[in-house]
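Trainee: coords below, sequence missing:
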């Protein structure tokens, strides 16, 4: 397990910042210190971007984001498959690594992550966030398994990709997704203990299973995909509500199976329309879920083609 | 992608001297990644309540914005405002009795270096980080926006008022003066106009939601409350949470764009998003 405390990078930068105010020199010294300690070099364009945005080098979040991702990338290339990140302090864009092929990585993050965590991710393993995630969690994700202990604010799993070579990311959000979960998703699955307003916005693929609080207006502009929830409303156009059938039990089974261990699900192996009750443990609390009370939200296009 | 935040202390009587500027600073600093062009805060404290009004304005001289403050007694208020409005280089930013409104270009740390915002005491307040979309990066276009038609009202806004020109024209026809080219100013003037007519903050915000187009979340602050308001579709974020406090530290409600801003000030209880199209109002207790 490789441990990276992001505060160490901050301290390194701050010590350079306290010894020189010349921005060019700060950048050069930071780069040489990062190379010495972590074997990474930041591109020069970052100096200008940091100056234009933050009028500073050593306190610029852009520097930290890029450094963290560069270190992750280097460690993965060296063959590391277990990495722990500490003190992300809501840094944006952690986990945007840009590998062409799927990577093997178990990533554990201690703290809140900012916008676009794991954006474009394509990995085998589990990424766990012991904190909250902001907008665009796993945006345009290709594959992998992500667990968020806190909330995901907006657009969790948005643009998730089902392609010739991927099915999208499987995500569990333990406290709930605030709004527009799975917006524009084309694949992937999301289990959440709360789905806020406009979840499934413009969804064309993927599956959302909501086991918690329900917002309003599921699936505006929905053209595909499936949403399962205890109850809910749909907008005038786009989506419609149906009862769940035998096939739906099989689909829900497959989605929950991916997180069976993490949710300590009892009764899953016999789960069907005849045995619709599951006991699920989340956030240290075990609760009964009777799926006879659940509804399915599908696109009007899907429902009319079946009729 | 502006960042907004707000704080409402509970049991304000016990904590009138609490520097809520320090909480707002933390929340703004944690959201600085969202926006870097300009920064501003408005903090309310009944202790500021003098017999006179404080009118703050920027005077534009050779592309430089100098900040001025005048103390004006009520009987002279209209005359002073009239005179200031005659000068095309004057941009009034505040007309206040209980409010301290500070805004400028730059980052939140620059605002603190210049005005020591972390030490400002009060019962509630709002903060804003701006990334310019609809108007230039100048101090007069920074948030919070206030108005001269009603003292002690401030608005911070994230988003866009798509029918801003139409709303502004209709308010100008009623004789109201606008000082910036920023669409957000129309919220402050509209709400103030509604409050003068009905004195009902909830109704004023509902009226705005009904009349305004576009994606927006804003916080409006008056001496008695903070109101978090989102458009009907909830196109911009607005989250609130509660910090229960301790024996020596006040409990408070916090509002922010990013969840991390609530987390960094310990407002982790009862975390929720405000319902689209339904104002969430936090009254001073």
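Mentor: Nice, I can see it. Because the structure is a prediction, the values reported are computed rather than measured.

Trainee: and residue A:289, how far from chain B?
Mentor: 23 Å (CB to the nearest CB, to the nearest Å). Quick note: C-beta positions are derived from backbone N, CA and C, even for glycine.

Trainee: that residue pairs with what?
Mentor: Bridge pairing for residue A:289 (DSSP bridges) gives the partners residue A:278.

Trainee: okay, it: pLDDT?
Mentor: For residue A:289, the pLDDT comes out at 96.

Trainee: okay, now it: neighbour count?
Mentor: By the criterion of other CB atoms under 10 Å in any protein chain shown, residue A:289 has 17 neighbours.

Trainee: also residue A:18?
Mentor: Neighbours of residue A:18 using other CB under 10 Å come to 9.

Trainee: buried sites along the helix or strand where it lies?
Mentor: Remark: residue A:18 resides in helix A:6-19, with elements defined by DSSP states H and E. Neighbour counts over helix A:6-19 (16 or more other CB atoms under 10 Å in any protein chain shown) mark A:6, A:9-10, A:12-13, A:16-17 as buried.

Trainee: now the residues you listed as CSV including distance to residue A:157?
Mentor: As requested, the buried residues of helix A:6-19 are exported to CSV (distance: CB to CB, whole Å):
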residue, distance to residue A:157
A:6, 25
A:9, 29
A:10, 30
A:12, 34
A:13, 33
A:16, 38
A:17, 38
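
Trainee: nearest to chain B, of those residues?
Mentor: residue A:17 (12.5 Å; CB to the nearest CB).

Trainee: how about the closest one, what does it touch?
Mentor: A:26, A:56-59 (CB atoms under 8 Å, 6 or more residues apart in numbering or on different chains).

Trainee: please narrow those to those residing in helices.
Mentor: residue A:26 (DSSP state H).

Trainee: quick one: which of the contacts of residue A:17 has the most company?
Mentor: Neighbour counts for the contacts of residue A:17 (other CB under 10 Å) peak at residue A:57, which has 26 neighbours.

Trainee: can you pull the pLDDT of that one?
Mentor: 92.

Trainee: these two touch, right, it and residue A:27?
Mentor: Yes - with contacts defined as CB atoms under 8 Å, residue A:57 counts as touching residue A:27 at a distance of 5.2 Å.

Trainee: between these two, what contacts are shared?
Mentor: residue A:47.

Trainee: hmm, back to that, from the buried residues of helix A:6-19, pick the one nearest residue A:274.
Mentor: residue A:6 (50.3 Å; CB to CB).

Trainee: spit out the contact partners of whatever residue of the stretch 51-200 of chain B ends up closest to chain A.
Mentor: At 6.7 Å from chain A, residue B:107 is the closest residue in the stretch 51-200 of chain B, using CB to the nearest CB. By CB under 8 Å, 6+ apart, the contact set of residue B:107 is A:54-55, B:32, B:36, B:39.

Trainee: try 10 Å this time
Mentor: Residue B:107 is in contact with A:53-56, A:59, B:28-29, B:32, B:35-39, B:113, B:129, counting by CB atoms under 10 Å, 6 or more residues apart in numbering or on different chains.

Trainee: just the buried ones from those residues, in ChimeraX syntax?
Mentor: Applying 16+ other CB under 10 Å to the contacts of residue B:107, the buried members can be selected in ChimeraX as follows:
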select /A:53,54,56,59 /B:28,29,32,35,36,37,38,39,129
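
Trainee: contacting residues for the residue lying closest to residue A:263 once chain neighbours are set aside?
Mentor: Spatial nearest neighbour of residue A:263, excluding adjacent residues (CB to CB, 6 or more residues apart in numbering or on different chains): residue A:280 at 5.0 Å. Taking CB under 10 Å, 6+ apart as the criterion, residue A:280 is in contact with A:191, A:193, A:211, A:256, A:259-260, A:263-268, A:286-289.

Trainee: swap in residue B:129?
Mentor: Residue B:129 neighbours (CB under 10 Å, 6+ apart): B:1-5, B:27-29, B:31-40, B:107-108, B:111, B:142-143, B:156, B:158, B:257.

Trainee: which one is residue B:256 nearest to, not counting chain neighbours?
Mentor: For residue B:256, ignoring the flanking residues on the chain, the nearest one in space by CB to CB, 6+ apart is residue B:5 at 4.5 Å.

Trainee: okay, now the one you found: neighbour count?
Mentor: That count, for residue B:5 with other CB under 10 Å as the rule, works out to 29.

Trainee: hey, what's it bridged with?
Mentor: Here residue B:5, judged by DSSP bridges, has bridge partners residue B:127, residue B:256.

Trainee: please report how far it lies from chain A.
Mentor: 14 Å.

Trainee: was I right to think that residue contacts residue B:257?
Mentor: Yes - counting by CB atoms under 10 Å, residue B:257 is a contact partner of residue B:5 at 7.2 Å.

Trainee: list residues touching both of these two?
Mentor: Common contacts of residue B:5 and residue B:257 (CB under 10 Å, 6+ apart): B:27, B:31, B:128-129, B:156, B:239.

Trainee: for these, which single residue is the most surrounded?
Mentor: Ranked by neighbours (other CB under 10 Å), those are led by residue B:128, which has 33 neighbours.

Trainee: identify the residues contacting it.
Mentor: Counting by CB under 10 Å, 6+ apart, residue B:128 has contacts B:2-6, B:24, B:28, B:31, B:35, B:38-42, B:103, B:108, B:142-145, B:154-158, B:184, B:218-219, B:257.

Trainee: read off the pLDDT value for it.
Mentor: pLDDT, residue B:128: 96.

Trainee: equivalent analysis for residue B:12, please.
Mentor: So, for residue B:12, pLDDT stands at 68.

Trainee: and for residue A:63, nearest residue in space, chain neighbours not counted?
Mentor: Spatial nearest neighbour of residue A:63, excluding adjacent residues (CB to CB, 6+ apart): residue A:50 at 5.7 Å.
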